[in-house]
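1. Output the structure for:
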Amino acid sequence: MATTRNGKAIIFSLDALTKSKTECEDTRELFIDLSASQFPYLHKHLSMSEIQKLVETSLIVFNACVEQTVIRNNQSPSFSVIAERALSTALKRPAYDVEVAEVAHVLSRMLDITISRRHTACLIALQRSGYMLGLVANSPLSASNLADDLENVGIVKRFETIITSSDSGVFKPNENIFRLAIESMSCDERDVIIVGSNLERDIAPVEHFKSAKVFINNYKKRQRMPKGVLRISSLEELPYLNLDRLIKTRRR
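-> Numbers count the residues shown, from 1 in each chain. As a prediction, the model looks like this:
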């Protein structure tokens, strides 16, 4: 990941970058299509029917934890932690990291993360202009799994930090997931621009932050903007804005 530090940062929500909506709290709507080739280590010890059952059960437990987290506003264990415990029970021994990774990687194959060349060019331009870039996502994927997917589309090195709900145990619209991203980059929140494409999930939770906020709304229907939120119609507009001035305005 990028290592340049100068105190200024832009934090994106994942859906603000991707071609299709990929953020989700749980896995209820995700389709599972498993084959033995996806489990070269685990299939040595468990049959495919056992692996299928283990994955499905782990997802059910994960979804239940997420539901309670959202209702009670507390923290949830990651999918990897749940999978590790399920594997240890099934194998009757501590699960190896590679076995846990095979189960956790199922989620990566269930999500389609695609970023256009134009959006990639925007990230490059913003980084070259002196901004650290961060990413926040409601996702069952861990940051490392999400980083692998971003590596596949060639942009993981653009990000200084990646915070997912799976790792942090908190979900947007909980403001703490944004605070974790800001703290991980050692930034003053007044030197941060938060960019999102979902008003209720990405912008409303940080309305009281001293950070600048940019809402991407490419729909014809205009939504009423909270005070102090800049609306743009496309991510491609962002590099052409006077971002330093936007930050200075929030510092007044």
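2. For stretch 88-95, give the mean pLDDT please.
-> For stretch 88-95, mean pLDDT is 95.
3. Stretch 189-202 too?
-> For stretch 189-202, mean pLDDT rounds to 94.
4. now the end-to-end length of it.
-> 15 Å (Cα to Cα, to the nearest Å).
5. how distant is that stretch from the center of its chain?
-> Taking Cα atoms, centre = their mean, to the nearest Å, one finds stretch 189-202 lying 13 Å from the centre of the chain it belongs to.
6. residues making contact with that stretch?
-> Here stretch 189-202 makes contact (Cβ atoms under 8 Å, 6 or more residues apart in numbering) with 7-13, 15-16, 23, 131, 138, 172-173, 178, 182, 203, 206, 209-217, 223, 226, 235, 238, 243, 246-247, 250-251. C-beta: built from backbone N, CA, C; applies to glycine.
7. Okay, and which of these map to strands?
-> Taking DSSP state E as the definition of strands, the contacts of stretch 189-202 contribute Ala9, Ile10, Ile11, Phe12, Ser13, Ala212, Lys213, Val214, Phe215, Ile216.
8. partners of the third one in the sheet?
-> In this case it means Ile11. Beta-bridge partners for Ile11, by DSSP bridges, are Gly134, Ile194.
9. begin at 28 from here
-> Got it, first residue is 28 now, which makes that one Ile38.
10. Identify the residues contacting it.
-> The contact partners of Ile38, by Cβ under 8 Å, 6+ apart, come to Leu160, Gly161, Leu162, Val163, Phe205, Ala208, Ile209, Val219, Ile220, Ile221, Val222, Ser238.
11. try the last one
-> Taking Cβ under 8 Å, 6+ apart as the contact definition, Ile243 lies against Ala43, Val222, Gly223, Ser224, Ile259, Ser260, Ser261, Leu262.
12. Kindly give a single PyMOL line that selects the buried subset of those residues.
-> Restricted to buried positions by 16 or more other Cβ atoms under 10 Å, the PyMOL selection for the contacts of Ile243 reads:
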select buried, resi 43+222+223+224+259+262
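13. mind giving me CSV with the contacts of Ile243 and columns for distance to Val93?
-> Rendered in CSV, the data for the contacts of Ile243 read as follows (distance: Cβ to Cβ, whole Å):
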residue, distance to Val93
Ala43, 22
Val222, 25
Gly223, 20
Ser224, 21
Ile259, 31
Ser260, 32
Ser261, 31
Leu262, 28
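14. Number of residues surrounding the nearest residue to Asp175 once chain neighbours are set aside?
-> Distance criterion Cβ to Cβ, 6 or more residues apart in numbering; nearest residue to Asp175, sequence neighbours excluded, is Ser135 at 6.6 Å. Ser135 has 17 neighbours, counted by other Cβ atoms under 10 Å.
15. one step back: neighbour count says what about the ones in strands among the contacts of stretch 216-229? Which are buried?
-> Buried subset of those (neighbour count, 16+ other Cβ under 10 Å): Ala36, Ile37, Ile38, Phe39, Ser40, Ala239, Lys240, Val241, Phe242, Ile243.
16. Was I right to think the fifth one contacts Thr49?
-> Think Ser40. No: contact criterion Cβ atoms under 8 Å: Ser40 and Thr49 do not qualify, at 10.5 Å.
17. Can you check which residues contact both of the two?
-> Looking at what touches both Ser40 and Thr49 (by Cβ under 8 Å, 6+ apart), the common residues are Ala164.
18. measure Glu50 to Gln95 for me?
-> Going from Glu50 to Gln95 by Cβ to Cβ, to the nearest Å gives 20 Å.
19. ok, the two, which is more surrounded?
-> Legend: neighbour count by other Cβ under 10 Å for Glu50 and Gln95, higher for Glu50 (22 against 12).
20. residue contacts, the more buried one?
-> Taking Cβ under 8 Å, 6+ apart, we find Glu50 in contact with Ser40, Leu41, Asp42, Ala164, Asn165, Ser166, Lys199, Arg228.
21. Brilliant, that's me finished.
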